[in-house]
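Engineer: Mind looking at a prediction? Sequence and model below.
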Amino acid sequence: MPLLAGVPLAAATLQVIADDAGVDVLHIKGAAVDDALLARRTVTDPETGAVTTRLVPRSSVDADVLVRPSHVKRFFAAMSAHRWTMVYRFEDGSAFEHASTWIRPGVCHADIHRTFPGIGLAAEQAFDALWADHHTIDLAGHPCAVPSLAGQRLILILHAVRGGDLTSRDIELAWTDASADERAAVDALAARLHAQVALAAGTGRLEDHRDHRAYPLWKALSGGDTSRTLLWWARVRAQPDPWLALRTAVHLVAPKRDRLQRELGHKPDALQIAKAWGHQLGLAASELGRLAGRAAARARRAR
């Protein structure tokens, strides 16, 4: 099935499951984006010469759904009952542990989000804020819940920034081309969601937040920094309390169980897990060595 049809179909399927289970979900990115945030192209009829403007559909390989955090377990149980299978847990996804990947025969896969990177407000409260102004659109002929236009703008910008793509068409459409009132609405929502630093990273205002604990992280992410050690330290520093900082520090180094199992084709044994730990620690040591070498070279040049 072409993705242009498969993604909305997967989204509609997830919405039906959520409705039946009494689960609140918001469709984000991909096929759920408002027409106002889509690119446009002009098309000239070869026979008549008439020029028309057409929307350019977003290219997406999966359906992205943000679930009310307190409803996640119920939603996962309902998805499992409808032949969806979890591929990656939250803990085995990105460093933010924000999304779990699921697959089902016959439709494209789905990323089930419990949070969204860049939003610092507690997950349940953040969902409440996005849910408060939601509305519905038709996806594959079924009404699906989506955030407000300001919410969609914010999510697209945060997504682009996390990927280090500050020249993203999404940022251009969601921010650069937005009116002053539209930008103000995004800023206001970002303040409610504690997402000001990440938003600033995508809108040329990051230096206004130099003293914020999350500044180094969004500076590195928005700049496409690939240093494992620098990103590790930035993520740890961005945590709001010592316990979360310690947990993050360990999690980022620990091998990802589900990813290791998929690579091996079977559940890893103790020896394979130990080897994976050794590999991860070896990468960290190598990165530290390179950083130390660079620092020493800079010091020599500065003499």
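Structural biologist: On my side now, so go ahead. Numbering: from 1, shown residues only.
Engineer: buried stuff in stretch 164-182?
Structural biologist: 164, 166, 168-171, 173-175, 178, 182 (16 or more other CB atoms under 10 Å). Any C-beta I mention is one placed from the backbone N, CA and C, and that applies to glycine too.
Engineer: Can you tell me which of the residues you listed is nearest Thr85?
Structural biologist: Asp170 (30.1 Å; CB to CB).
Engineer: Leaving out chain neighbours, which residue sits closest to the closest one?
Structural biologist: The shortest distance from Asp170 to any non-neighbouring residue, by CB to CB, 6 or more residues apart in numbering, is to Leu156 (4.2 Å).
Engineer: same question, Thr53
Structural biologist: Closest to Thr53 by CB to CB, 6+ apart is Arg40, at 5.1 Å.
Engineer: is it true that the one you found touches Pro57?
Structural biologist: No. The criterion here is CB atoms under 8 Å, and Arg40 misses it with Pro57 at 11.2 Å.
Engineer: Compare the two (neighbour count), which wins?
Structural biologist: Pro57 (15 against 11; other CB atoms under 10 Å).
Engineer: looking at this, Ser80 is in a strand?
Structural biologist: No. In this structure, Ser80 is helix, not part of a strand, as judged by DSSP: H, G, I helix; E, B strand; the rest coil.
Engineer: what's the neighbour count on the closest residue in space to Asp24 that isn't next to it in sequence?
Structural biologist: Nearest non-adjacent residue to Asp24, counting by CB to CB, 6+ apart: Arg68, 4.1 Å away. Counted by other CB under 10 Å, the residues lying close to Arg68 total 20.
Engineer: residue contacts, Arg68?
Structural biologist: 23-25, 124, 127, 131 (CB atoms under 8 Å, 6 or more residues apart in numbering).
Engineer: Mark which of these are part of strands, please.
Structural biologist: Val25 (DSSP state E).
Engineer: Mind checking which of the contacts of Arg68 are buried?
Structural biologist: For those, buried by 16+ other CB under 10 Å: 23-25, 127, 131.
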